[in-house]
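[1] Could you look at this predicted model? Sequence included:
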Amino acid sequence: MTTLSLLQLYPEQLGVSGDGGNVVALAERARRAGLDVELVEHRPGDSLPVGADLVVIGSGPLSTLRSIHSDALRFREALSDWADSGVPVVAIGGGMELLSQGISGEGADLEGLGFFDASAHRGAKRRANYFRVETAYSGPSLTLFGFEDHATRFELAAGASAFGTVITGGGNGDGAEGVSRGSSFGTQLKGPVLPLNPQLTDRVLASAVSRIGGVYDAGPAHATLDEYARQSRLVIEKNLERAFKAM
Amino acid sequence: MKYVLPILLGRLVRIIARARGGGSAYPGYLVLKLLPSFLTDVTKQFDRGVLFVLGSNGKSTTTHMLSDVLRAHGLRVFTNPTGANLPQGIASALLSEVSIFGKLQADVGVLEVDEAFAVELSGHLHPSTVLMLNVQVDQLYRFYETSRVADMMTDTAATAGTHVVTNRDDEYLGPFTSSTLDVTRFGASTELVAGAPHGLQNASAFGGKTEGSAPLHAEAEVRALSAQGATIALSRATGGGSSSLEIRLPAKGLHYAVDAAAAIQTARVALGSEFDESKAVAAFAAMKPAYGRGERLKIGTDEAEFVMFKNAASLQLNLDALTDAPEQVLLAIDEGTPDISWIYDVDFSSLDHVDVVSGEKAWQIALRLEHAGIPIGTVEPRIEKAIELMKALPAPASKTKNFIVNYEQMMIARKMLGYPDLEKRA
């Protein structure tokens, strides 16, 4: 049986937006497709893992990004090498910003890992709303639903590609949303994004599994998950225009 | 005489608002517009001043406990109803009790206060004592940076007149000190916290605030939990004897015991030598649960036990307080809690099934539970229908149907079960 090694970076510090849900969705769907899943968690001070088949880094406020910053910089080369060999890296919110060239504004001034060729500028108008994005990640156009909650303008360098296009919401601030690099991507989509959008999850899994010589197919064992996700997205679509009062 | 017109107008608006169904903070808003000094003028009549209760979770429960303990000591207490913790909500609550000349017969005010408005309110109400309960990860769309929430609370504590009571076990709040204020603490013993499935759920400062500090003393510490209550040890940081109180709790769970320790310690400092342990014990013995917090209401021949939550921390603590997997469970969340990403941070393994999931977020709850392999009976987004489904289930051996709901769904469910008068005074 194919074993998929799934690495989550800083589960406590970058895990307050249900980021564990993205890991759960990947692991549960992989298991239901008959794969073995090995979950690895990296915490500050742990030795660097030798490798992984799939990496997830979640979101957290600036204070926690600062607290893990020096540890995270150790991943600069490894993450880049893994991604170049086809390992998908999924980065959400603050995790995506940490993987950019750097975070500035509001006294942030944090050097990034330079994994994504983009830079994050804090101090944009805070957005807390439902979020609809279209992406062509690893296949034909896909509509994604979720939640966004951030105050970042995300600027892509010339030549960098966005993860998708904003249909409803704020995203990067210029109509684009997130950033992609091969089979890796960063996004502000929360909710969390992977349980809510199983087609995206399946594309991530298919990339990761094919790299290690296995086959990933969703089947009848995924039907209930898919139906609950479809209904959840319908409710979000109905409430897309609702705005929530942030502080 | 400056009070008569604003108060009459506010009352009139309040009657209209209630006739149209339900409470409203608008009367309070109107009075504050007409008479900006209203909050200060009314509360300065309290001989014993005003006590603030701050925290991410447990404010209503602790305010309720502290009020009852003070009443047991013969004080007349003014307090704000559950959740009415913004300036206009507090003004609405005062409006319903003052005379048209702005007089209010109370000895002390016990007020739960929203962290975001606490410093501003302190400027109007001049609290003698500020109690800080906890900093927990709250609804992210409002409080995305926990360190900022902690600052709001400690900034407010620094404005207290005399006493600050803080949580020894909270990384942000425990170390609070002051050269001019009397600072004491409450907490739970190391053994109890270590034995709790997911601890106390206080937010971690991630090494930012507590390095190299000496262990802190808790003058009121929860030492043991029993089926009906808790043992709370009382002491002083230096000198003096210690004692141990056996109290009954109005609802189950370590978090309620910690709230009780907080309320008792606050009553101790506010009352000074008048504090009487036996009166505190008697207050807890007679205490009813705060609305929706462990409250039991009739449903047919059985009882619905309500557990209310607003974020991951409060849901987890309430799930951890379950002794056995409940026989019959309804789990409901609606748009009152817009971003529920955090349900994936909650460990639901204390449930072996859920009979009905409901509220506008029903499908998202179902999706979460399916990922955790927890079987679901029915997904019914309409809470009215969901309650009918719960009613129709055969009588459980425990005689209890558990309703685990967010605030808005609790209000609707309570009303449907024939308990409409939730916000008595708001």
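    Looks like it arrived, so ask away. Being a predicted model, the structure only gives us computed values, none of them experimental. Numbers count the residues shown, from 1 in each chain, chains lettered A, B, ... in the order given.
[2] Please report how far B:Val269 lies from chain A.
    Applying C-beta to the nearest C-beta, to the nearest Å, the value for B:Val269 to chain A is 31 Å. Every residue, glycine included, has its C-beta placed from N, CA and C.
[3] Buried residues, the lengthiest helix in chain A. List them.
    As assigned by DSSP state H, the longest helix anywhere in chain A is helix A:223-238. Going by neighbour count (16 or more other C-beta atoms under 10 Å in any protein chain shown), the buried part of helix A:223-238 is A:225, A:227-229, A:231-233, A:235-236.
[4] Dump these into CSV; add distance to A:Gln101 as well.
    Shown next, in CSV, are the buried residues of helix A:223-238 (distance: C-beta to C-beta, whole Å):
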residue, distance to A:Gln101
A:Leu225, 36
A:Glu227, 41
A:Tyr228, 38
A:Ala229, 34
A:Gln231, 39
A:Ser232, 35
A:Arg233, 33
A:Val235, 37
A:Ile236, 32
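[5] Quick check: nearest residue in space to the residue in chain A that chain B sits nearest to, chain neighbours excluded?
    Among all residues of chain A, A:Gly21 sits closest to chain B, at 2.8 Å; criterion: C-beta to the nearest C-beta. In this structure, A:Gly21 finds its nearest non-sequential neighbour in B:Tyr344, 2.8 Å apart by C-beta to C-beta, 6 or more residues apart in numbering or on different chains.
[6] Doesn't the residue of chain A closest to chain B lie inside a helix?
    Yes. Counting by DSSP: H, G, I helix; E, B strand; the rest coil, A:Gly21 is located in a helix.
[7] Hmm, A:Pro192 and it touching each other?
    Yes. Here A:Gly21 reaches A:Pro192: they are 3.7 Å apart, a contact under C-beta atoms under 8 Å.
[8] Look at these two and report which has more neighbours.
    A:Pro192 (30 against 26; other C-beta atoms under 10 Å in any protein chain shown).
[9] re earlier: ok, and of the buried residues of helix A:223-238, which contact chain B?
    Restricting the buried residues of helix A:223-238 to those touching chain B (C-beta under 8 Å from any C-beta of the partner chain) yields A:225, A:228-229, A:231-232, A:235.
[10] just to revisit the earlier point, next up, the contacts around the residue of chain A closest to chain B.
    Going by C-beta atoms under 8 Å, 6 or more residues apart in numbering or on different chains, A:Gly21 touches A:192, A:194-195, B:341, B:343-345, B:368, B:371.
[11] In helices, which of those appear?
    Under the assignment DSSP H, the contacts of A:Gly21 contribute A:194-195, B:368, B:371 to helices.
[12] now, the most widely separated pair of the residues you listed?
    A:Leu194 and B:Arg368 (12.4 Å; C-beta to C-beta).
[13] on that earlier part again, overlap of the contact sets of A:Gly21 and A:Pro192?
    Common contacts of A:Gly21 and A:Pro192, defined by C-beta under 8 Å, 6+ apart, comprise B:341, B:344.
[14] Need the three-state assignment for residue 14.
    If you meant another chain, say so; for now it's chain A. For A:Leu14, the assignment made with three-state DSSP gives coil.
[15] To clarify, I was referring to chain B.
    For B:Arg14, the assignment made with three-state DSSP gives helix.
[16] just to revisit the earlier point, ok, the residue nearest to A:Gly21 touching B:Arg368?
    Yes. Shown here, B:Tyr344 and B:Arg368 form a contact pair, counting by C-beta under 8 Å, at 6.2 Å.
[17] so what sits against both of these two?
    The overlap between the contact sets of B:Tyr344 and B:Arg368 (C-beta under 8 Å, 6+ apart) consists of A:21, A:195.
[18] Which residue is the nearest non-sequential neighbour of B:Glu303?
    Nearest non-adjacent residue to B:Glu303, counting by C-beta to C-beta, 6+ apart: B:Arg296, 4.6 Å away.
[19] if we can go back for a sec, just the buried members of the contacts of A:Gly21?
    Buried members of the contacts of A:Gly21, scored by 16+ other C-beta under 10 Å, are A:192, A:194-195, B:341, B:343-345, B:368, B:371.
[20] tally of neighbours for the nearest residue to B:Val50 once chain neighbours are set aside?
    Nearest residue to B:Val50 in three dimensions, chain neighbours excluded: B:Gly109, at 4.1 Å (C-beta to C-beta, 6+ apart). When neighbours are counted by other C-beta under 10 Å, B:Gly109 registers 27.
[21] what residues are up against B:Gly109?
    By C-beta under 8 Å, 6+ apart, B:Gly109 lies in contact with B:43, B:46, B:49-51, B:77-79, B:125.
[22] how about 10 Å then?
    By C-beta atoms under 10 Å, 6 or more residues apart in numbering or on different chains, B:Gly109 lies in contact with B:39, B:42-43, B:45-46, B:48-52, B:67, B:77-80, B:90, B:93-94, B:125, B:127-128.
[23] Which parts of the stretch 51-200 of chain B are helices?
    When secondary structure is read from DSSP state H, counting those that start in this stretch, the stretch 51-200 of chain B shows helices at B:59-72, B:87-95, B:118-125, B:146-157, B:190-195.
[24] Sketch out the low-pLDDT regions of the chain for me.
    Went with chain A since none was named. By pLDDT under 70, the low-scoring segments of chain A are A:243-247.
[25] Actually, chain B is the one I wanted.
    For chain B, residues meeting the criterion pLDDT under 70 lie at B:1, B:19-24, B:139-144, B:207-213, B:420-426.
[26] Could the C-alpha coordinates of stretch B:269-276 be exported in PDB?
    Provided in PDB are the C-alpha atoms of stretch B:269-276 (Å, rounded to 0.1, in the frame of the first residue of the first chain):
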ATOM      1  CA  VAL B 269     -11.400  41.500  48.200                       C
ATOM      2  CA  ALA B 270     -14.600  43.500  47.600                       C
ATOM      3  CA  LEU B 271     -16.100  42.700  51.000                       C
ATOM      4  CA  GLY B 272     -12.900  42.600  53.100                       C
ATOM      5  CA  SER B 273     -13.500  41.600  56.700                       C
ATOM      6  CA  GLU B 274     -17.200  41.200  56.000                       C
ATOM      7  CA  PHE B 275     -16.600  38.200  53.700                       C
ATOM      8  CA  ASP B 276     -18.300  35.200  55.300                       C
END
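[27] just the angle between the strand ranked longest in chain A and helix A:223-238, please?
    Counting by DSSP state E, the longest strand found in chain A is strand A:118-135. Using axes from the mean of the first three to the mean of the last three C-alpha atoms, to 10 degrees, the inter-axis angle of strand A:118-135 relative to helix A:223-238 is 100 degrees.
[28] buried sites along strand A:118-135?
    In strand A:118-135, counting by 16+ other C-beta under 10 Å, buried: A:118-122, A:124, A:127-133, A:135.
[29] just stretch A:29-38 next, same as before
    Neighbour-count burial for stretch A:29-38 flags A:29-30, A:32-33, A:35, A:37 (criterion: 16+ other C-beta under 10 Å).
[30] Tabulate these (TSV), appending distance to B:Ala332 and secondary structure.
    Converted to TSV, the buried residues of stretch A:29-38 look like this (distance: C-beta to C-beta, whole Å; DSSP: H, G, I helix; E, B strand; the rest coil):
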residue	distance to B:Ala332	secondary structure
A:Arg29	27	helix
A:Ala30	31	helix
A:Arg32	27	helix
A:Ala33	32	coil
A:Leu35	34	coil
A:Val37	32	strand
